[in-house]
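>>> Would you be able to build a 3D model of this:
(4 chains)
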Number of protein chains: 2
Amino acid sequence: MKAPTLDPVPPCPDFLSRAYWNGTIKMSLSKFFILRVLHDRPMHGYEIAQEVQRITSGCCSPTEGTIYPVLKQYEEGGFVTSRTEVVSGRERRVYTLTRKGRQAFRVAVAAWLEVTAALLACEEVIEP
Amino acid sequence: MKAPTLDPVPPCPDFLSRAYWNGTIKMSLSKFFILRVLHDRPMHGYEIAQEVQRITSGCCSPTEGTIYPVLKQYEEGGFVTSRTEVVSGRERRVYTLTRKGRQAFRVAVAAWLEVTAALLACEEVIEP
DNA sequence: CTTGACACATCGACCATCGAGGTATTAGGT
DNA sequence: ACCTAATACCTCGATGGTCGATGTGTCAAG
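Have a look, this model is predicted:
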């Protein structure tokens, strides 16, 4: 009841659309920006999503399907700790970045900055 | 004859290692940088790999398993054209960026530049 | 005559993300 | 009273990008 066409080799995406590039860009940034916003202050999952969207000007907006598994992974590895809070009757799980989490963030930033240099250089290539 | 351990939920990667972050960073950049190097001049697959590695200071080094499927996709969509050359007895397939390919590159650069701003801001967060 | 660089190609696996679906509570509008 | 939207959490399947292994072949150097 879905696709009559079955594509073992999917066709060409729309490389001309901004949506395509935004999509692929997101692919490695969510994990990074989750560390980024927790670096400022402890937050709960829902808040993290909004905050990431805000600081990236909407360019990067991880969904809940992304955030909660990642937070679980981070907690498993000791990069964040979590505690349960009750705010006006509602329960929420607040995540705090650990010392180890800050270290990880520093490594991530270093890695990204190197690529950023190459990225910025691309701007000049376009209109010489 | 392989893994005795079977992980439906894989454990925590090493978020402290540069290798991890380089790995995830690569995940959306190869397609981008392939356009980038072809923007300079026509190249063949092998050369593209080396050139991408060079301009990204080794940070991004797409393998052949990445490059050839991507080139095929680009050609399908009319973003590159290819012709066969024979250089000192060896055959090679040389790829040229089309007008449409240049357009796609411009869209991609615009998308990346927006994120880059948020990325650069992260540097200042670390040591206030 | 063997080794390593060049050059192309394919395949299975892995991992990050999304979107859809599910469960609850609270606040506000009518 | 009732319904809806926003808050808040969680899980699952599908999609898509990349890697590493594997295979084929040519050429140059030792």
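>>> Up against DNA strand C, what does chain A have?
In this structure, chain A approaches DNA strand C at residues A:23, A:26-31, A:60-66, A:69-70, A:88-90, judged by CB under 7 Å from any atom of the strand. From N, CA and C alone the C-beta is placed, and that goes for glycine too.
>>> if you set the cut-off to 6 Å instead, what comes out?
Within chain A, the positions adjacent to DNA strand C are A:26-31, A:61-66, A:69-70, A:88-90 by CB under 6 Å from any atom of the strand.
>>> State the next helix or strand along the chain beyond the strand or helix carrying residue A:66.
Applying DSSP states H and E as the criterion places residue A:66 in helix A:64-76. Using DSSP H and E, the next helix or strand after helix A:64-76 towards the C-terminus is strand A:80-87.
>>> quick one: that next one near chain B?
No. Against chain B, strand A:80-87 shows no contacts by CB under 8 Å from any CB of the partner chain, the least distance being 10.5 Å.
>>> now swap in stretch A:110-128 and tell me
Yes. Interface with chain B: stretch A:110-128 contributes A:110-123, A:125-126 (CB under 8 Å from any CB).
>>> residue contacts, the residue nearest to the spatial centre of chain A?
Central residue of chain A (CA atoms, centre = their mean): residue A:30, 1.0 Å from the mean position. Residue A:30 makes contact with A:52, A:60, A:62, A:66-67, A:70 under the criterion CB atoms under 8 Å, 6 or more residues apart in numbering or on different chains.
>>> wait, which of these is closest to chain B?
residue A:60 (6.8 Å; CB to the nearest CB).
>>> tell me the SS of that closest one?
coil (DSSP: H, G, I helix; E, B strand; the rest coil).
>>> again with residue A:95
With three-state DSSP as the criterion, residue A:95 reads strand.
>>> State the pLDDT value of it.
Residue A:95 carries a pLDDT score of 98 in this model.
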